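In: Next come a sequence and a model predicted from it.
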Amino acid sequence: MISVTALSKSFGSVRAVHDLTFEVAPGTVTGFLGPNGAGKTTTLRMILGLVRPDAGTALIGGTRYTDLESPVTKVGAVLESTAFHPGRTGRLHLETLCLAAGIPDRRVGEVLTEVDLLAAADRRVGGYSLGMRQRLALASALLGDPAVLVLDEPANGLDPEGIHWLRGYLRAHATTGRTVLVSSHTLTELSLMADDVLVVSEGRLVAELPAGPDLEDEYLTAIRSSR
Ligand SMILES: Nc1ncnc2c1ncn2[C@@H]1O[C@H](COP(=O)(O)OP(=O)(O)OP(=O)(O)O)[C@@H](O)[C@H]1O
(Lines give C-alpha, C1' and ligand atoms only; values in the text may rest on other atoms or scores of the structure.)
Protein backbone atom coordinates (compact mmCIF):
# COMPACT_ATOMS: atom_id res chain seq x y z
CA MET A 1 0.00 0.00 0.00
CA ILE A 2 1.22 3.48 -0.87
CA SER A 3 -0.25 6.16 1.40
CA VAL A 4 0.17 9.82 0.58
CA THR A 5 -1.16 12.22 3.20
CA ALA A 6 -1.41 16.01 2.97
CA LEU A 7 1.71 16.11 0.80
CA SER A 8 2.92 19.54 -0.33
CA LYS A 9 5.97 20.79 -2.20
CA SER A 10 6.86 24.17 -3.66
CA PHE A 11 9.86 25.17 -5.76
CA GLY A 12 10.30 28.86 -5.03
CA SER A 13 6.99 30.45 -5.94
CA VAL A 14 5.82 27.38 -7.92
CA ARG A 15 3.41 25.23 -5.93
CA ALA A 16 4.08 21.81 -7.50
CA VAL A 17 2.05 19.66 -5.07
CA HIS A 18 -0.57 20.99 -2.71
CA ASP A 19 -2.15 19.08 0.18
CA LEU A 20 -2.31 15.85 -1.81
CA THR A 21 -3.86 12.76 -0.19
CA PHE A 22 -4.46 9.37 -1.80
CA GLU A 23 -3.89 5.65 -1.33
CA VAL A 24 -2.78 3.05 -3.83
CA ALA A 25 -4.01 -0.43 -3.03
CA PRO A 26 -2.30 -3.71 -3.93
CA GLY A 27 -3.77 -5.95 -6.61
CA THR A 28 -4.59 -3.19 -9.07
CA VAL A 29 -2.82 -0.94 -11.55
CA THR A 30 -3.42 2.64 -10.45
CA GLY A 31 -2.92 5.39 -12.99
CA PHE A 32 -1.69 8.86 -12.09
CA LEU A 33 -2.93 11.30 -14.68
CA GLY A 34 -2.86 15.05 -15.11
CA PRO A 35 -1.85 17.87 -17.43
CA ASN A 36 1.80 18.84 -17.99
CA GLY A 37 3.17 20.39 -14.81
CA ALA A 38 0.36 18.98 -12.61
CA GLY A 39 2.87 17.65 -10.08
CA LYS A 40 2.97 13.96 -11.01
CA THR A 41 6.73 13.54 -11.22
CA THR A 42 7.28 15.59 -8.07
CA THR A 43 4.81 13.36 -6.19
CA LEU A 44 6.47 10.16 -7.41
CA ARG A 45 9.88 11.55 -6.49
CA MET A 46 8.61 12.32 -2.97
CA ILE A 47 7.25 8.76 -2.66
CA LEU A 48 10.71 7.52 -3.66
CA GLY A 49 12.53 9.77 -1.20
CA LEU A 50 14.22 11.79 -3.95
CA VAL A 51 12.46 15.05 -3.12
CA ARG A 52 11.84 16.17 0.44
CA PRO A 53 8.22 17.27 1.05
CA ASP A 54 7.53 20.68 2.61
CA ALA A 55 4.68 19.03 4.51
CA GLY A 56 2.85 15.73 4.69
CA THR A 57 4.01 12.13 4.33
CA ALA A 58 4.45 9.53 1.61
CA LEU A 59 4.61 6.02 3.05
CA ILE A 60 5.16 2.62 1.49
CA GLY A 61 3.69 -0.13 3.64
CA GLY A 62 3.66 2.35 6.51
CA THR A 63 7.33 3.36 6.15
CA ARG A 64 9.06 6.27 4.39
CA TYR A 65 11.13 5.09 1.41
CA THR A 66 14.29 6.43 3.02
CA ASP A 67 13.64 4.34 6.16
CA LEU A 68 13.01 1.08 4.26
CA GLU A 69 15.46 -1.71 4.85
CA SER A 70 16.82 -2.95 1.51
CA PRO A 71 14.50 -0.66 -0.51
CA VAL A 72 15.26 -2.22 -3.94
CA THR A 73 13.64 -5.43 -2.76
CA LYS A 74 10.51 -3.51 -1.68
CA VAL A 75 10.03 -0.83 -4.34
CA GLY A 76 10.97 -0.79 -8.01
CA ALA A 77 11.02 2.56 -9.78
CA VAL A 78 11.22 3.76 -13.35
CA LEU A 79 11.78 7.49 -13.56
CA GLU A 80 11.75 9.74 -16.63
CA SER A 81 15.33 10.75 -16.16
CA THR A 82 16.83 7.26 -15.92
CA ALA A 83 20.41 7.49 -17.15
CA PHE A 84 22.56 4.60 -18.31
CA HIS A 85 26.26 4.37 -18.97
CA PRO A 86 26.24 4.30 -22.79
CA GLY A 87 29.35 2.13 -23.06
CA ARG A 88 27.94 -0.66 -20.90
CA THR A 89 25.82 -3.49 -22.21
CA GLY A 90 22.33 -3.93 -20.82
CA ARG A 91 23.48 -7.08 -19.09
CA LEU A 92 26.47 -5.37 -17.46
CA HIS A 93 24.24 -2.50 -16.32
CA LEU A 94 21.98 -4.98 -14.53
CA GLU A 95 24.90 -6.97 -13.13
CA THR A 96 26.35 -3.76 -11.69
CA LEU A 97 23.04 -2.96 -9.97
CA CYS A 98 22.86 -6.51 -8.58
CA LEU A 99 26.35 -6.20 -7.16
CA ALA A 100 25.56 -2.84 -5.53
CA ALA A 101 22.31 -4.09 -4.00
CA GLY A 102 23.45 -7.59 -3.01
CA ILE A 103 20.98 -9.24 -5.39
CA PRO A 104 21.99 -12.62 -6.85
CA ASP A 105 23.27 -12.45 -10.47
CA ARG A 106 20.72 -14.98 -11.70
CA ARG A 107 18.09 -12.22 -11.51
CA VAL A 108 19.75 -10.55 -14.51
CA GLY A 109 18.75 -13.30 -16.94
CA GLU A 110 15.32 -13.54 -15.34
CA VAL A 111 14.45 -9.85 -15.68
CA LEU A 112 15.92 -9.64 -19.20
CA THR A 113 13.56 -12.45 -20.16
CA GLU A 114 10.63 -10.80 -18.35
CA VAL A 115 11.00 -7.55 -20.28
CA ASP A 116 11.87 -9.35 -23.54
CA LEU A 117 15.29 -7.76 -23.89
CA LEU A 118 17.45 -10.89 -23.90
CA ALA A 119 18.33 -10.58 -27.60
CA ALA A 120 19.83 -7.10 -27.06
CA ALA A 121 21.38 -7.83 -23.64
CA ASP A 122 24.95 -7.90 -24.93
CA ARG A 123 24.70 -4.72 -27.02
CA ARG A 124 25.92 -1.40 -25.68
CA VAL A 125 23.14 0.71 -24.16
CA GLY A 126 24.32 3.75 -26.17
CA GLY A 127 22.91 2.03 -29.25
CA TYR A 128 19.54 1.18 -27.68
CA SER A 129 16.32 2.72 -28.97
CA LEU A 130 14.15 4.70 -26.53
CA GLY A 131 11.81 1.73 -26.16
CA MET A 132 14.74 -0.60 -25.42
CA ARG A 133 15.99 1.82 -22.76
CA GLN A 134 12.50 1.82 -21.23
CA ARG A 135 12.58 -1.97 -21.10
CA LEU A 136 16.02 -1.86 -19.47
CA ALA A 137 14.74 0.68 -16.93
CA LEU A 138 11.85 -1.65 -16.10
CA ALA A 139 14.25 -4.60 -15.87
CA SER A 140 16.34 -2.57 -13.39
CA ALA A 141 13.23 -1.88 -11.31
CA LEU A 142 12.33 -5.57 -11.23
CA LEU A 143 15.74 -6.88 -10.10
CA GLY A 144 14.85 -6.95 -6.41
CA ASP A 145 11.44 -8.57 -7.13
CA PRO A 146 9.66 -5.71 -5.33
CA ALA A 147 6.02 -5.75 -4.20
CA VAL A 148 5.56 -2.12 -5.23
CA LEU A 149 6.26 -0.60 -8.65
CA VAL A 150 6.32 3.16 -9.22
CA LEU A 151 6.61 4.05 -12.89
CA ASP A 152 6.84 7.55 -14.36
CA GLU A 153 5.73 7.60 -18.00
CA PRO A 154 6.89 4.02 -18.65
CA ALA A 155 5.16 3.80 -22.04
CA ASN A 156 7.14 6.76 -23.35
CA GLY A 157 9.03 5.56 -26.44
CA LEU A 158 7.37 2.16 -26.63
CA ASP A 159 5.83 1.10 -29.95
CA PRO A 160 2.18 -0.10 -29.99
CA GLU A 161 3.30 -3.68 -29.48
CA GLY A 162 5.47 -2.54 -26.56
CA ILE A 163 2.55 -0.68 -24.98
CA HIS A 164 0.38 -3.76 -25.39
CA TRP A 165 3.09 -5.83 -23.76
CA LEU A 166 3.55 -3.34 -20.89
CA ARG A 167 -0.18 -3.29 -20.22
CA GLY A 168 -0.32 -7.09 -20.00
CA TYR A 169 2.82 -7.15 -17.89
CA LEU A 170 1.60 -4.61 -15.34
CA ARG A 171 -1.81 -6.24 -15.06
CA ALA A 172 -0.25 -9.65 -14.49
CA HIS A 173 2.10 -8.08 -11.95
CA ALA A 174 -0.83 -6.50 -10.07
CA THR A 175 -2.84 -9.72 -10.18
CA THR A 176 -0.21 -11.39 -8.03
CA GLY A 177 -1.16 -8.94 -5.26
CA ARG A 178 1.48 -6.31 -6.01
CA THR A 179 0.99 -2.57 -6.06
CA VAL A 180 1.51 -0.63 -9.30
CA LEU A 181 1.39 3.16 -9.62
CA VAL A 182 1.94 4.41 -13.14
CA SER A 183 1.94 8.04 -14.28
CA SER A 184 1.16 9.38 -17.70
CA HIS A 185 -0.16 12.52 -19.32
CA THR A 186 -1.62 10.37 -22.11
CA LEU A 187 -5.17 9.40 -21.37
CA THR A 188 -5.48 6.59 -23.92
CA GLU A 189 -2.34 4.96 -22.59
CA LEU A 190 -3.69 4.91 -19.04
CA SER A 191 -7.18 3.87 -20.05
CA LEU A 192 -5.55 0.74 -21.50
CA MET A 193 -3.16 0.13 -18.65
CA ALA A 194 -4.84 1.11 -15.38
CA ASP A 195 -7.82 -0.14 -13.37
CA ASP A 196 -8.33 3.15 -11.52
CA VAL A 197 -7.02 6.60 -12.24
CA LEU A 198 -6.05 9.36 -9.81
CA VAL A 199 -6.41 12.72 -11.52
CA VAL A 200 -4.19 15.60 -10.40
CA SER A 201 -4.32 19.17 -11.53
CA GLU A 202 -2.21 22.05 -10.23
CA GLY A 203 -0.83 19.81 -7.49
CA ARG A 204 -4.21 18.74 -6.14
CA LEU A 205 -6.19 15.52 -6.41
CA VAL A 206 -9.31 16.42 -8.39
CA ALA A 207 -10.87 13.00 -9.08
CA GLU A 208 -10.53 9.24 -8.68
CA LEU A 209 -12.00 7.54 -11.73
CA PRO A 210 -12.40 3.99 -12.98
CA ALA A 211 -10.46 3.46 -16.22
CA GLY A 212 -13.43 2.69 -18.45
CA PRO A 213 -14.81 3.97 -21.74
CA ASP A 214 -15.98 7.22 -20.08
CA LEU A 215 -12.54 8.10 -18.75
CA GLU A 216 -11.86 10.86 -21.29
CA ASP A 217 -15.16 12.68 -20.65
CA GLU A 218 -14.88 12.30 -16.89
CA TYR A 219 -11.26 13.42 -16.92
CA LEU A 220 -12.00 16.55 -18.93
CA THR A 221 -14.95 17.40 -16.67
CA ALA A 222 -12.80 16.97 -13.56
CA ILE A 223 -9.96 19.10 -14.93
CA ARG A 224 -12.27 21.89 -16.11
CA SER A 225 -14.24 22.07 -12.88
CA SER A 226 -11.00 22.19 -10.86
CA ARG A 227 -9.84 25.44 -12.50
N1 LIG B 1 13.42 20.92 -9.43
C2 LIG B 1 12.49 21.82 -9.76
N3 LIG B 1 12.76 23.14 -9.69
C4 LIG B 1 11.82 24.06 -10.00
N5 LIG B 1 10.56 23.76 -10.38
C6 LIG B 1 10.24 22.45 -10.49
C7 LIG B 1 11.17 21.42 -10.18
N8 LIG B 1 10.55 20.22 -10.37
C9 LIG B 1 9.30 20.50 -10.77
N10 LIG B 1 9.10 21.84 -10.84
C11 LIG B 1 7.85 22.52 -11.20
O12 LIG B 1 6.80 21.92 -10.46
C13 LIG B 1 5.62 21.79 -11.27
C14 LIG B 1 5.22 20.34 -11.33
O15 LIG B 1 6.19 19.62 -12.11
P16 LIG B 1 6.13 18.04 -12.33
O17 LIG B 1 7.33 17.67 -13.14
O18 LIG B 1 5.93 17.39 -11.03
O19 LIG B 1 4.81 17.87 -13.20
P20 LIG B 1 4.28 16.64 -14.08
O21 LIG B 1 2.84 16.51 -13.76
O22 LIG B 1 5.15 15.46 -13.87
O23 LIG B 1 4.45 17.19 -15.57
P24 LIG B 1 4.70 16.42 -16.99
O25 LIG B 1 3.44 15.67 -17.30
O26 LIG B 1 4.92 17.56 -17.92
O27 LIG B 1 5.89 15.54 -16.82
C28 LIG B 1 5.98 22.41 -12.62
O29 LIG B 1 5.54 23.75 -12.63
C30 LIG B 1 7.48 22.33 -12.67
O31 LIG B 1 8.03 23.33 -13.49
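Out: Received, thanks.

In: Helices of the protein, residue ranges please.
Out: 40-47, 90-101, 106-114, 130-142, 160-175, 187-193, 215-226 (DSSP state H).

In: so what's the residue nearest the centre of the chain bridging to?
Out: For the chain, the residue sitting closest to the mean C-alpha position, by CA atoms, centre = their mean, is Leu151 at 1.0 Å. Leu151 forms beta bridges with Val78, Val182, as assigned by DSSP bridges.

In: Distance of it relative to the ligand?
Out: 13 Å (CB to the nearest ligand atom, to the nearest Å). Backbone N, C-alpha and C define where each C-beta goes, glycine included.

In: again with Ala194
Out: 16 Å.

In: cool, Val206 as well?
Out: From Val206 to the ligand the distance is 13 Å (CB to the nearest ligand atom).

In: so that residue sits right up against Ala222, yeah?
Out: Yes. Between Val206 and Ala222 there is a contact under CB atoms under 8 Å: 4.9 Å.

In: Next, show the common contact partners of those two.
Out: Jointly contacting Val206 and Ala222 under the rule CB atoms under 8 Å, 6 or more residues apart in numbering are Val199.

In: now the lowest-mean-pLDDT helix or strand in the chain, how far from the centre of its chain.
Out: Lowest mean confidence among the helices and strands of the chain (mean pLDDT, DSSP states H and E): helix 187-193, at a mean of 85. Averaging C-alpha positions (CA atoms, centre = their mean, to the nearest Å) puts helix 187-193 14 Å from its chain's average.

In: Contacts for it, please.
Out: With CB under 8 Å, 6+ apart as the criterion, helix 187-193 contacts 29, 31, 33, 155, 163, 166-167, 170-171, 182, 184, 197, 211-213, 215-216, 219.

In: residues contacting Val78?
Out: So Val78 contacts 134, 137-138, 140-141, 149-152, 154 (CB under 8 Å, 6+ apart).

In: and the gap between it and the ligand?
Out: 14 Å.

In: Tell me where this protein is predicted with low confidence.
Out: Along the chain, segments meeting pLDDT under 70 span 81.

In: Tell me who's in contact with the residue lying closest to Gly34 once chain neighbours are set aside.
Out: The shortest distance from Gly34 to any non-neighbouring residue, by CB to CB, 6 or more residues apart in numbering, is to Val200 (3.9 Å). Shown in contact with Val200 (CB under 8 Å, 6+ apart): 20, 32-34, 38-40, 43, 206.

In: What residues does the protein have near the ligand?
Out: Proximity of the chain to the ligand is confined to 11, 14, 16, 34, 36-42, 185 under the rule CB under 6 Å from any ligand atom.

In: Just give the number of residues close to Glu216.
Out: Neighbour count of Glu216, defined by other CB atoms under 10 Å: 11.
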